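Chemist: Show me the folded form of this:
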Amino acid sequence: AGVQEMEHSMDVVHDEVEMNEMFFSQCLATPSVWCKYIVYHRRDILSIASIVVVLAVDIGVTNLEDLFGLCGSLGLSFVCYIFPCLIWLRMKWTQGELRIFSPKTIFTILTMLFSTAVMIYSTIVI
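Modeler: Here you go, the predicted model:
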């Protein structure tokens, strides 16, 4: 059993090295590794997607007041209400302490849903 575990761990390390050394053009040529490549480089992909969204909003919104309104309605609602609820739920879930029908969990989910509704409404109004 110990030899098999060691061989498996060596395979995992080998897979990580391949993803680290694989170029984007090589990844496009082999569809079988697309998922592995995306998972391995997920932070880079999210960063690039965020840059594209910021540039699109910057080009699309010509009025500075509207841009500040979007920043306030989306960013502040998310950071102040939704993000802390997600962090708490994730922490309890990874620790195995999340109970769906506990008052704290229900209150957290309701707060998150209400905050999401307020965020969407405030964005529409702007």
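Chemist: What about A49, how many residues nearby?
Modeler: Around A49 sit 10 other residues, with neighbours defined as other Cβ atoms under 10 Å. Glycine gets a C-beta too; all of them are placed from N, C-alpha and C.
Chemist: Give the helix, strand or coil label for L98.
Modeler: In the three-state summary, L98 is assigned as coil, counting by DSSP: H, G, I helix; E, B strand; the rest coil.
Chemist: Could you report the pLDDT at it?
Modeler: On pLDDT, L98 comes in at 88.
Chemist: repeat for D15
Modeler: What the model reports as pLDDT for D15 is 47.
Chemist: Show me the helices in the chain, by range?
Modeler: Assigned by DSSP state H, the helices in the chain fall at 2-21, 24-29, 34-40, 42-60, 64-70, 77, 83-94, 103-125.
Chemist: spatially speaking, which residue is in the middle of this structure?
Modeler: In the chain, the C-alpha nearest the mean C-alpha coordinate belongs to L46, at 7.6 Å (Cα atoms, centre = their mean).
Chemist: Most tightly packed of the helices of the chain?
Modeler: Comparing the helices of the chain on average neighbours per residue, with mean count of other Cβ atoms under 10 Å, the densest one is helix 77 at a mean of 20.
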